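**Student:** Predicted structure and sequence below. I'll ask about it afterward.
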Amino acid sequence: MSAITLSENDKKIIKRLQGDIPITANPYRSIADELGMSPDRLLERIAFFQEKGLLKRLGAVINHQIAGFAANAMVVWRVPPRDVEKIGALFAAQAFVSHCYERKPPPDFRYTLYTMIHAASEDECASHVKALSRLAKISDYQTLFSLKEFKKSSIQYF
């Protein structure tokens, strides 16, 4: 994947899309008006960003606690290198897995695959973890439940 050169106008679009989308009948027209461009041009640039893999998706970010997801678990899995792609894809396909990453472990740490699970309770999280364990036939994992949230925000690139 090669780097894309972004114009100042592209950066303004991306910066604006990092914020809230207006709740209007035509939110892209509102954003285009803010940016001083036509809605067609805005949508053209968004499509270009998606086509090039720069913009993965546009979506709602909910407060998961208010939505009833009171428990969060980061699960670290010991997965043989030859199986990481297959098991990572298997885990990522589960609706209750919000994040799934392969990481190079530091010395003396054997876990290479990481999943984040959100559920209504720790028991429900644990049930999901057991389901993943059975599905992948992996028993070497650690579940780390969130105790306190200090910060939660999306990164601001521009």
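**Tutor:** Alright, I've got the coordinates. Numbering: from 1, shown residues only.
**Student:** any idea how far residue 11 is from the nearest residue to residue 43 once chain neighbours are set aside?
**Tutor:** Using CB to CB, 6 or more residues apart in numbering and skipping residues adjacent in sequence, the residue nearest residue 43 is residue 28, 6.0 Å away. All C-beta spots, glycine's among them, are computed from the backbone N, C-alpha and C. With distances taken as CB to CB, to the nearest Å, residue 28 is found 18 Å from residue 11.
**Student:** Could you do residue 60 as well?
**Tutor:** Distance, residue 60 to residue 11, by CB to CB: 23 Å.
**Student:** out of the two, which sits in the busier spot?
**Tutor:** Neighbour count, other CB atoms under 10 Å: between residue 60 and residue 11, residue 11 has more, with 12 against 5.
**Student:** ok but residue 42 is inside a helix, no?
**Tutor:** Yes: applying DSSP: H, G, I helix; E, B strand; the rest coil, one finds residue 42 inside a helix.
**Student:** Return the residues in contact with it.
**Tutor:** Neighbour list for residue 42: 13, 28, 31, 32, 35 [criterion: CB atoms under 8 Å, 6 or more residues apart in numbering].
**Student:** and if you look at residue 126?
**Tutor:** If you count contacts by CB under 8 Å, 6+ apart, then residue 126 has 73, 143 around it.
**Student:** Am I right that it is in a helix?
**Tutor:** Yes: counting by three-state DSSP, residue 126 is found in a helix.
**Student:** how does this structure divide into domains?
**Tutor:** 8-51, 71-145 (automatic domain parsing).
**Student:** On the three-state scheme, residue 53 is what?
**Tutor:** When classified by three-state DSSP, residue 53 comes out as coil.
**Student:** Could you do residue 72 as well?
**Tutor:** strand.
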